[in-house]
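Undergrad: attaching a predicted model along with its sequence, questions to come.
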Amino acid sequence: MAQSAPLLIRLVASSIIAANRAGKIVLDVMSKGDLGIVEKGKNDLQTEADRAAQRCIIASLSKQYPGVTIIGEEGQSSCNVPPEWIVTDSDEQVLKLNCPEELQSVNESDVVVWVDPLDGTAEYTQGLVEHVTVLIGVAVKERAVAGVIHQPFYNHKGDKVGRTLWGIIGIGVGGFSPKPPPEGKCIVTTTRSHATPVVQAALDSLNPDEVIRVGGAGHKVLLLMEGKAHAYVFASKGCKRWDTCAPEAVLAAMGGKLTDLHGNFYDYSKDTPHENTAGVLATAKASEHDTYLRKIPSDIRQSL
């Protein structure tokens with residue numbers, strides 16, 4: 001079954017298992033208590049969980065798809081990967097899906113995988129574990145077409161900890177039940193740790209009923225998919241391609257939309273710059289995206 005499925009389907013099915021294994025590593029590092037924090041830059045931390053989870057994902061996917069370009073937030077590593085971190089199983093339910101016709105003949109050379117092994121690192125170090133996600137985004141040429149979002153700490157006070165969501169444009173989503181945001185309100189989510197006067201001005205222009213400030217791009221987009229917010233607005237250049245590739249694809253597969261603040265889709269080809277210099281605007285409903293875009297003053301958009 002696995003080898004007969006188109007490449008995109010197999011890659012998503014493998015990414016789900018890899019994300020699950022990486023999530024266990026993230027949990028294990030937290031439980032041991034020594035996070036191994038390194039400061040990469042201002043407000044930019046890295047932990048042992050970031051490093052180890054990325055090695056797990058890249059080693060697992062590279063072994064199965066050697067021709068696919070994989071770009072991870074934590075860069076290249078020469079460290080050995082423990083054999084138990086390398087997983088080559090696949091999600092059997094995803095393997096049974098029918099691939100959209102336009103994506104059936106995709107070659108490994110057409111594919112770029114963007115990996116954020118621990119989105120929400122600052123929150124992870126502060127114990128705000130609900131904000132943490134593992135992100136694996138799949139782009140074909142320049143467009144994000146599929147994504148996996150794993151929440152290692154989902155329901156962490158309950159019996160069954162963790163969940164994995166996925167989405168493929170042209171197929172739909174799995175691992176959760178999408179919910180629409182409340183009618184007649186404007187609830188916006190944005191950064192909790194990278195606020196600036198421009199970021200605040202963009203929020204004010206929307207006249208929101210409520211602003212939810214959380215960490216991690218993955219977590220913010222999850223709020224849209226779960227019906228807890230209508231839009232995610234970030235009028236700054238702090239976000240990266242590995243932050244948005246998976247969330248963009250899953251959101252689009254659900255019927256939402258993610259672009260920069262000019263309304264352009266980000267380019268996820270292998271040679272593209274990593275920084276999302278023109279900010280982020282995501283909406284739970286694609287039909288409402290232009291409405292939010294028009295409300296943001298042109299001087300704010302032109303500053304990016």
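TA: Done, it's in. Quick caveat, the model's predicted, so the values are computed rather than measured.
Undergrad: so what's the residue count around the nearest residue in space to residue 255 that is not next to it in sequence?
TA: Nearest in space to residue 255, with sequence neighbours left out and distances taken as C-beta to C-beta, 6 or more residues apart in numbering, is residue 286 at 6.0 Å. Yep, even glycine has a C-beta here, placed from its N, CA and C like the rest. The number of residues packed near residue 286 is 15, by other C-beta atoms under 10 Å.
Undergrad: for residue 79, same thing?
TA: Around residue 79 there are 8 other residues, counting by other C-beta under 10 Å.
Undergrad: for the stretch 1-150 of the chain, which segments count as strands?
TA: Assigned by DSSP state E, counting those that start in this stretch, the strands in the stretch 1-150 of the chain fall at 38-41, 44-46, 69-72, 111-119, 133-140, 143-151.
Undergrad: by contact count, what packs against the fourth one?
TA: Read it as strand 111-119. Counting contacts by 3 or more C-beta pairs under 8 Å, 6 or more residues apart in numbering; DSSP states H and E, strand 111-119 packs against helix 7-32, helix 48-64, strand 69-72, strand 133-140, helix 217-225, helix 241-254.
Undergrad: circling back: of the strands of the stretch 1-150 of the chain, which is nearest residue 178?
TA: Residue 178 lies closest to strand 143-151 among these, at 12.7 Å (C-beta to C-beta).
Undergrad: pLDDT averaged over the closest one - what is it?
TA: Averaging pLDDT along strand 143-151 gives 98.
Undergrad: between that strand and strand 111-119, what angle do the directions make?
TA: 30 degrees (axes from the mean of the first three to the mean of the last three C-alpha atoms, to 10 degrees).
Undergrad: sheet-wise, list the partners of the helix or strand just after strand 143-151 with their directions.
TA: Remark: after strand 143-151, the chain's next helix or strand is strand 163-168, criterion DSSP states H and E. Using DSSP bridges, the strands paired with strand 163-168 in its sheet are strand 143-151 (antiparallel), strand 172-174 (antiparallel).
Undergrad: returning to what we had before: would you turn the helices and strands packed on strand 111-119 into JSON lines with mean pLDDT?
TA: Below are these laid out as JSON lines (pLDDT from 0 to 100):
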{"stretch": "helix 7-32", "mean pLDDT": "93"}
{"stretch": "helix 48-64", "mean pLDDT": "91"}
{"stretch": "strand 69-72", "mean pLDDT": "96"}
{"stretch": "strand 133-140", "mean pLDDT": "98"}
{"stretch": "helix 217-225", "mean pLDDT": "97"}
{"stretch": "helix 241-254", "mean pLDDT": "98"}
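Undergrad: which one of these lies nearest to residue 96?
TA: Across the helices and strands packed on strand 111-119, residue 96 has its closest neighbour in helix 7-32 (8.7 Å, C-beta to C-beta).
Undergrad: buried residues in that closest one, which are they?
TA: Across helix 7-32, burial judged by 16 or more other C-beta atoms under 10 Å covers 7-27, 29-30.
Undergrad: remind me what it packs against, helices and strands.
TA: helix 48-64, helix 92-95, strand 111-119, strand 133-140, strand 143-151, strand 163-168.
Undergrad: and the last one, how far from the chain's centre?
TA: This means strand 163-168. Centroid separation for strand 163-168 versus its chain: 10 Å, with C-alpha atoms, centre = their mean, to the nearest Å.
Undergrad: the third one now?
TA: Taking C-alpha atoms, centre = their mean, the mean C-alpha location of strand 111-119 is offset from the chain mean by 8 Å.
Undergrad: ok, the residue lying closest to residue 156 once chain neighbours are set aside to residue 151 distance?
TA: Leaving out its chain neighbours, the residue that sits closest to residue 156 by C-beta to C-beta, 6+ apart is residue 129, at 6.2 Å. Remark: distance between residue 129 and residue 151 (C-beta to C-beta, to the nearest Å) = 9 Å.
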